[in-house]
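A.B. asks: mind folding the following:
(one chain, ligands or ions: 1)
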Amino acid sequence: VDKPRAGEDFSGHPVVARVLDPGKAAPETGVSLLTLRGEPYRVGSVPIVLRGFLIGTLTVGDRLDETFVEKLARTFDCDVAILSGGNVAASTIPGLRGPWRGAGGDAEYVVATVPFGSDGRGHTVELLLLNSLTAALGSSGRSLAEALVACGAIAIALGGIAAWGMSRTVVRPLDRFVAFVARVAATGEREERFPRPTGAVEVDALSETFDRLQDSLAAHERRLRDMQREELERLDRLKESEKLAALGRMLSGAAHEINNPLTGVIGNVEMALRAPGISGDIRDRLLRIEKDGRRVSALVKNLLKISHRDTGARGAVDLYAVLRDAVEVRRHDFATAGMTLTLQLDGGRGVVHGSELELEQVFLNIVNNAFDALQGGSAAALTIRTRLEGDRIVVVFEDNGPGLTQPAQIFDPFFTTKPVGKGTGLGLSICHSIVEGHGGRIAADNVAGGGARFTLTFPAFDGEVASKAEEEAPKDAGRPFQASVLVVDDEPSIVELQTDLLASLGAAVESVATGAEAIERLRERAFDLIVSDLKMPGGVSGEDLFRWVAENRPDAAGRFLFVTGDTAGGAWRETEGAGARVLAKPFSMDEYLSAVREAVGGRPRAS
Ligand code: ADP
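C.D. replies: All right, here's what the predicted structure looks like:
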C-alpha cells in the first residue's frame, strides 16, 4: 500500500536529485530520509546508465518502522527511537509517539544521540539509543551515585558503539557500493557484480536489486544490438534487390523490344522449312537461322525472367521432387566425370507455392555451376541437403571445388568467370529473382575447407500438389484444325504469321489491328477462338477486349488466347485467372498450335 506507485515523481527529493544532477555535492553516505505518505524511509539512490546515458535512478528504501527499530534494539541491546524533525517516527518504547519530550512514563533513561541523515525537507533525523536507568538500578541496592556513574559510562560507550556499529554495518558497505556503482556506470560494464554478503542487509538487498537491473539492462542492450544488426542486413538486402530490379527492368525492356521481330523470324523460318521444295544449301541455312533464333529466344526468355516477366504457371510444387528431377538430369554426367552427386532429403514434406519450371531452372543452374567448378578436382563432390526450419524449407548446395572468387558479385547480371560462349553470367541473377519471386532467399558463401555453398530458403506451403497426369498436353500439332479464328494484333508480321500458320491447318482466319475493331467484328458474328495481343494502341487494350467478351459473349470468354511479349504487371494473371490463356512471345510453331487447340477445346490449362 505504501510503496511508490507508477508515475510518482521523486526527482525533486534531495537524495534522488543529487544522483540525477552530478553537479550537486556528493552525499556523505548516500543515505537519506524520504517521507512517503507520512512514513519515513531510509533510502539510498544510485544512477542507472544505459549506453552512456543516465536514464534514471535505482532508489531502494527501508521503512523506519517498528521492525527496523526492533532490529537496532537487538543490535545495541537497549531501547531505540528515531526522531525526524523533533518528532518520534518509530520507537521500541510502547506509546512513545509525537513530539519528543523525553522517553516519558515513570522510567528514567540515559540517552545517546546518533545523527542519522536528513529528511526531504532538510530536517535532521536522529537515532536515540535509550538505556533505562530504572532497570539498571534494579533492586540491587547499589548507591545511586554508583549507578549514575555506571549509566554515564554506559551512555558514552553506547554512543561510541552505535556510531561504530552504524559505520561498520551500514555506512562503509554502502560507501563501497556507491563507489562500485559509480565505476560500473562509467565503464558501462554489465557483468561485474558487487561482492556479497556485506554484513549490511540493506546494502545486500540494494546490490541484489542492482544486479537484477544490470541483467535486464544487458538483455535490453542485446536486443537493441540485434535489432540494429537486422536493420543493417535488411538495408543491405534492399540495396541489392533494388540494384537487381533496376537492371532487370532495363534488360526486360530490351527483351520486350526484341520479342516481336524474333517471333516473326522464328515463325517464318519454320513456315519456310515446311514448304515443299526447300532442300540442300537453302534448307541448311534455314535450319541454322532457326537454331540461332531459338538460342536468342532462350536468352530473351531468361532476360524476361530476371524481372519476373515470365509465364511460369504457379501452384503447389513438391520441392523435393523438383530437386530429384534436377539431380537426375545431371547424375550421369557427374558419374562419367568421376564426381559424386549426393541428395539428402530430410524426409519431411517440402511443398512450396510457385512454378515448378522456374524452381527446376534454379536448381539445375546451381548444379551445373558446381559441375563446371568441380572439373579437374580430386574427390570432387556436390552435396545437396534439405532441412525444415519452422515454416521454412532450407536447401543447401555444397561443393568442394575452388569456391567463389567474388561472393558479393555472384548474383549480378553478366558476372561470370567463364570464357566467352561458355557463360553468360545471367544464371545466378535469374536464380536470385526467381527465388525472391517465391518469397524465398538465396545466399552464397564459401565453406571453411574451400568450396562454394548456396543456401536457399523457401516458405512452406499447405496446398496439395496436382498430379502430373493432368498436366501433360498431348502432342498433336500436325492434326487439322478447322475452326473460325479472330486474330487481334497491331503488328502486321505477327498477324501474317498467325494467319499463315492457322490457315495451313485449315482454320478460317479473320484479323483486325485494334481492340475496337475486334469488338465491332464480334458484334457481327461469333468465332470459335479469339487470339489477341495484350498491349495494343487505341483506347481498347487486350484486357478491355477480354472484359467485353466476358460480359457480352460469355461463352466465348473460355476460348480466348492472349499472345504477348509483355507479361509484366500482373494484369495478365488476372485475366488468366478469369479463364483466358496466355502464350508468351517468342513462341515456336508447335507451342502456338498446341495453345490454340487447347484454347478452342476449352481444355484445362496446363498449370
Ligand atoms: P555463368 O554460369 O553463366 O557464369 P552464373 O550467374 O550462373 O553465370 O554464375 C556466375 C559465376 O559464379 C560463375 O561464372 C562462377 O564464377 C561463379 N560460380 C557459380 N557457382 C560456383 C561454384 N559452385 N563454385 C565456384 N564458382 C561458382
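A.B. asks: please make it C-alpha for all contacts and neighbour counts, starting now.
C.D. replies: Fine.
A.B. asks: tell me how far the residue in the stretch 451-600 of the chain that the ligand sits nearest to lies from Pro402.
C.D. replies: Of all residues in the stretch 451-600 of the chain, Ala452 sits closest to the ligand, at 4.9 Å by C-alpha to the nearest ligand atom. Ala452 sits 7 Å away from Pro402, taking C-alpha to C-alpha, to the nearest Å as the criterion.
A.B. asks: which of these two has more residues huddled nearby?
C.D. replies: With neighbours defined as other C-alpha atoms under 10 Å, Ala452 and Pro402 compare such that Ala452 has more, 23 against 16.
A.B. asks: the more buried one contacts Pro407, doesn't it?
C.D. replies: No - if you go by C-alpha atoms under 8 Å, Ala452 and Pro407 don't touch, sitting 9.0 Å apart.
A.B. asks: what's the local residue count around whatever residue of the stretch 151-300 of the chain ends up closest to the ligand?
C.D. replies: Closest residue of the stretch 151-300 of the chain to the ligand, C-alpha to the nearest ligand atom: Leu299 (11.5 Å). Residues near Leu299, counting by other C-alpha under 10 Å, number 15.
A.B. asks: give the bridge partners for the residue of the stretch 451-600 of the chain closest to the ligand, please.
C.D. replies: Asn446 (DSSP bridges).
A.B. asks: contacts only, for Leu561.
C.D. replies: With contact taken as C-alpha atoms under 8 Å, 6 or more residues apart in numbering, Leu561 is in contact with 529-532, 580-583, 595-596, 599.
A.B. asks: which stretch of helix or strand covers the spatially most central residue of the chain?
C.D. replies: Geometric centre of the chain, nearest residue: Glu230, 7.0 Å, by C-alpha atoms, centre = their mean. Here Glu230 is covered by helix 201-274, with elements defined by DSSP states H and E.
A.B. asks: residues from this structure in reach of the ligand?
C.D. replies: Contact residues (C-alpha under 6 Å from any ligand atom) of the chain with the ligand: 369-370, 373, 401-404, 410, 415-418, 423-429, 452.
A.B. asks: just the ones of those residues in helices?
C.D. replies: Judged by DSSP state H, the residues of the chain next to the ligand include 369-370, 373, 427-429 as members of helices.
A.B. asks: closest to Leu501 among these?
C.D. replies: Gly427 (33.6 Å; C-alpha to C-alpha).
A.B. asks: which residues are in contact with the closest residue to that closest one other than its chain neighbours?
C.D. replies: Distances taken as C-alpha to C-alpha, 6 or more residues apart in numbering place Asn365 nearest to Gly427, at 6.2 Å, with adjacent residues excluded. Counting by C-alpha under 8 Å, 6+ apart, Asn365 makes contact with 427-428, 431.
A.B. asks: could you dump those into JSON lines and include neighbour count and distance to Asp318?
C.D. replies: Converted to JSON lines, those look like this (neighbours: other C-alpha atoms under 10 Å; distance: C-alpha to C-alpha, whole Å):
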{"residue": "Gly427", "neighbour count": "26", "distance to Asp318": "22"}
{"residue": "Leu428", "neighbour count": "23", "distance to Asp318": "22"}
{"residue": "Cys431", "neighbour count": "25", "distance to Asp318": "18"}
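A.B. asks: next structured bit after the worst-scoring helix or strand of the chain on mean pLDDT?
C.D. replies: When the helices and strands of the chain are scored by mean pLDDT, DSSP states H and E, helix 571-577 comes last with a mean of 51. Next along the chain after helix 571-577, taking DSSP H and E as the criterion, comes strand 581-584.
A.B. asks: direction included, what does that following strand pair up with?
C.D. replies: By DSSP bridges, strand 581-584 pairs with strand 560-564 (parallel).
A.B. asks: then the partner strand to CSV, C-alphas only?
C.D. replies: Extracted C-alpha coordinates of strand 560-564, given in CSV (Å, rounded to 0.1, in the frame of the first residue of the first chain):
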residue,chain,number,x,y,z
PHE,A,560,-9.7,-16.7,-75.6
LEU,A,561,-5.9,-16.8,-76.0
PHE,A,562,-3.5,-13.9,-75.3
VAL,A,563,-0.3,-13.8,-77.3
THR,A,564,2.0,-11.3,-75.7
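A.B. asks: tell me the angle it makes with helix 201-274.
C.D. replies: 100 degrees (axes from the mean of the first three to the mean of the last three C-alpha atoms, to 10 degrees).
A.B. asks: list the contacts for Thr514?
C.D. replies: 488-490, 536-538, 540.
A.B. asks: if we use 10 Å, what do you get?
C.D. replies: 487-490, 532-533, 535-542, 545 (C-alpha atoms under 10 Å, 6 or more residues apart in numbering).
A.B. asks: follow-up on the earlier one: helix, strand or coil for the residue nearest to Gly427?
C.D. replies: helix (DSSP: H, G, I helix; E, B strand; the rest coil).
A.B. asks: just Val46 next, same as before
C.D. replies: Quick answer, by three-state DSSP: Val46 is strand.
A.B. asks: can we start the residue count at 391 from this point?
C.D. replies: Sure, I'll start numbering at 391, so the last one becomes Val436.
A.B. asks: buried residues, the helix or strand containing Arg562. List them.
C.D. replies: In this assignment (DSSP H and E), Arg562 forms part of helix 562-577. Along helix 562-577, these residues count as buried under the neighbour rule (16 or more other C-alpha atoms under 10 Å): 562-565, 567-568, 570-572, 574-575.
A.B. asks: list phi and psi for the closest residue to Ala727 other than its chain neighbours.
C.D. replies: Spatial nearest neighbour of Ala727, excluding adjacent residues (C-alpha to C-alpha, 6+ apart): Gln765 at 8.0 Å. When read as degrees, to the nearest 10, the backbone of Gln765 gives phi -50, psi 130.
A.B. asks: again, but for Ala727
C.D. replies: When quoted as degrees, to the nearest 10, the phi and psi of Ala727 stand at phi -80, psi 0.
A.B. asks: helix, strand, or coil at the nearest residue to Leu596 once chain neighbours are set aside?
C.D. replies: Leaving aside its chain neighbours, Leu596 sits nearest to Val450 (6.3 Å; criterion: C-alpha to C-alpha, 6+ apart). Following three-state DSSP, we place Val450 in the strand state.
A.B. asks: in this structure Val450 contacts Val433, no?
C.D. replies: Yes - counting by C-alpha atoms under 10 Å, Val450 touches Val433, with 5.5 Å between them.
A.B. asks: what's the distance between Ile460 and Ala916?
C.D. replies: To be clear, residue 460 is Glu; Ile isn't right here. 106 Å.
A.B. asks: who's more crowded, the two?
C.D. replies: Applying other C-alpha under 10 Å to Glu460 and Ala916 shows that Glu460 carries more neighbours, namely 19 against 14.
A.B. asks: the more buried one: what's it in contact with?
C.D. replies: Contacts of Glu460 by C-alpha under 10 Å, 6+ apart are 467-471, 480-483.
A.B. asks: residues shared between the contacts of Ala842 and Pro797?
C.D. replies: Counting by C-alpha under 10 Å, 6+ apart, the residues touching both Ala842 and Pro797 are 834-836.
A.B. asks: and which of the residues you listed is nearest Leu517?
C.D. replies: Checking the shared contacts of Ala842 and Pro797 one by one against Leu517 (C-alpha to C-alpha), the nearest turns out to be Asp835, at 71.3 Å.
A.B. asks: how many neighbours does the closest one have?
C.D. replies: Close neighbours of Asp835, defined as other C-alpha under 10 Å, add up to 19.
A.B. asks: I figured Ser435 hits Asp565, correct?
C.D. replies: No - assessed by C-alpha under 10 Å, Ser435 is found out of contact with Asp565, at 11.7 Å.
A.B. asks: does Lys812 touch Asn758 like I think?
C.D. replies: No - applying C-alpha under 10 Å, one finds Lys812 not in contact with Asn758, separated by 11.8 Å.
A.B. asks: so for the two, which sits in the more crowded spot?
C.D. replies: Asn758 (17 against 9).
A.B. asks: hang on, the earlier thing: the residue nearest to the centre of the chain: what's it in contact with?
C.D. replies: Glu620 neighbours (C-alpha under 10 Å, 6+ apart): 614, 626.
A.B. asks: same check on Gly932?
C.D. replies: 878-879, 904-906, 908, 921-926, 938, 952-954, 962, 965.
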